[in-house]
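1. sequence-free structure coming up:
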């Protein structure tokens, strides 16, 4: 999922540049922002398909150093 968020950030920067050069009302600017919207829709779709995390999983994501979240290799 991180990969798609990185792509969204890159495309946002690209869209800003394109709009600066071509103008806010240009077709190129609109197309660049369409790419951003498509990536955001895909990210949203991927989030919907993820299994929801339990409270414990969320706690461990937020507090990986907590004793109850540590994983030991045997």
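-> Received the coordinates, thanks. Quantities reported herein were computed from a predicted structural model and do not represent experimental measurements.
2. hey, let's count contacts and neighbours off CA atoms from now on
-> Noted.
3. which residue sits closest to residue 66, ignoring its sequence neighbours?
-> Leaving out its chain neighbours, the residue that sits closest to residue 66 by C-alpha to C-alpha, 6 or more residues apart in numbering is residue 60, at 7.2 Å.
4. what about the one you found, how many neighbours?
-> The local packing of residue 60 (other C-alpha atoms under 10 Å) involves 16 other residues.
5. helix or strand: which one has it?
-> Residue 60 belongs to helix 55-62 when assigned by DSSP states H and E.
6. what are the buried residues along that helix?
-> residue 60 (16 or more other C-alpha atoms under 10 Å).
7. got a list of contacts for that helix?
-> Contacts to helix 55-62, defined as C-alpha atoms under 8 Å, 6 or more residues apart in numbering, come from residues 66, 69.
8. tell me how far that helix lies from the chain's centre.
-> 20 Å (C-alpha atoms, centre = their mean, to the nearest Å).
9. next one: stretch 29-37
-> Computed by C-alpha atoms, centre = their mean, the chain-centroid distance of stretch 29-37 equals 16 Å.
10. buried residues in stretch 16-29?
-> Going by 16+ other C-alpha under 10 Å, stretch 16-29 has these buried residues: 16, 18, 19, 28, 29.
11. dump those residues into a markdown table; add secondary structure as well.
-> Formatted as a markdown table, those follow (DSSP: H, G, I helix; E, B strand; the rest coil):
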| residue | secondary structure |
| --- | --- |
| 16 | helix |
| 18 | helix |
| 19 | helix |
| 28 | helix |
| 29 | helix |
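12. tell me the one among those residues nearest to residue 9.
-> residue 16 (10.7 Å; C-alpha to C-alpha).
13. if we ignore the residues flanking it in sequence, what's nearest the closest one?
-> Distances taken as C-alpha to C-alpha, 6+ apart place residue 29 nearest to residue 16, at 8.0 Å, with adjacent residues excluded.
14. having no further points to raise, I will conclude here.
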